[in-house]
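Peer 1: From the sequence below, what's the structure:
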Amino acid sequence: MFGIPGKQAVTITPKAAEQIARLMKSGNHAGLRIGVKKGGCAGMEYTMDYVDEPDPNDEVVEQDGAKIIIAPMAQMFLFGTEIDYEVSLLESGFKFRNPNVVDACGCGESIKFDEGLSSQL
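Peer 2: Just a heads-up that it's a prediction; the model follows:
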């Protein structure tokens, strides 16, 4: 596990926990896997997938009926991130407040990490 012993890799706001729990229940999934991959105009993108069973080395964060699963390679990129769920007139979706991001594109879908951190992926 990457990070500080006893401290969760990510935190989940109550609105995000409610939405994640709703998604898990509607699809009968064990959790929501959060990760990062190379791509997008800023160099990296967040990924989200349903998971039926976590892998043994995954970090699992549970809160208020929601379960976030983070693969080992993504933990260093996501450590300290707050996941929120926002609803507005034009859109709704998960928002990531990640202290490790050094730049993001205008669309909000692509992010950039410090070059040293990005070279780890």
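Peer 1: Quick check: bridge partners of the residue positioned nearest the centre of the chain?
Peer 2: Geometric centre of the chain, nearest residue: residue 34, 3.9 Å, by CA atoms, centre = their mean. Listed by DSSP bridges, the beta-bridge partners for residue 34 are residue 48, residue 70.
Peer 1: and what of residue 95?
Peer 2: Assigned bridge partners for residue 95, using DSSP bridges, are residue 84.
Peer 1: contacting residues for it?
Peer 2: 83-86 (CB atoms under 8 Å, 6 or more residues apart in numbering). (Each C-beta comes from the backbone N, C-alpha and C, glycine too.)
Peer 1: Using PDB, list the CA coordinates for the top helix by length along the chain.
Peer 2: Looking across the chain with DSSP state H, the single longest helix is helix 14-27. The C-alpha coordinates for helix 14-27 follow below in PDB (Å, rounded to 0.1, in the frame of the first residue of the first chain):
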ATOM      1  CA  PRO A  14     -21.300  12.500   1.500                       C
ATOM      2  CA  LYS A  15     -22.800  13.300  -1.900                       C
ATOM      3  CA  ALA A  16     -20.200  11.100  -3.700                       C
ATOM      4  CA  ALA A  17     -20.700   8.300  -1.200                       C
ATOM      5  CA  GLU A  18     -24.400   8.400  -1.800                       C
ATOM      6  CA  GLN A  19     -24.000   8.300  -5.600                       C
ATOM      7  CA  ILE A  20     -21.400   5.500  -5.400                       C
ATOM      8  CA  ALA A  21     -23.600   3.400  -3.100                       C
ATOM      9  CA  ARG A  22     -26.500   4.000  -5.500                       C
ATOM     10  CA  LEU A  23     -24.400   2.800  -8.500                       C
ATOM     11  CA  MET A  24     -23.200  -0.200  -6.600                       C
ATOM     12  CA  LYS A  25     -26.700  -1.200  -5.600                       C
ATOM     13  CA  SER A  26     -28.300  -0.700  -9.000                       C
ATOM     14  CA  GLY A  27     -25.700  -2.900 -10.700                       C
END
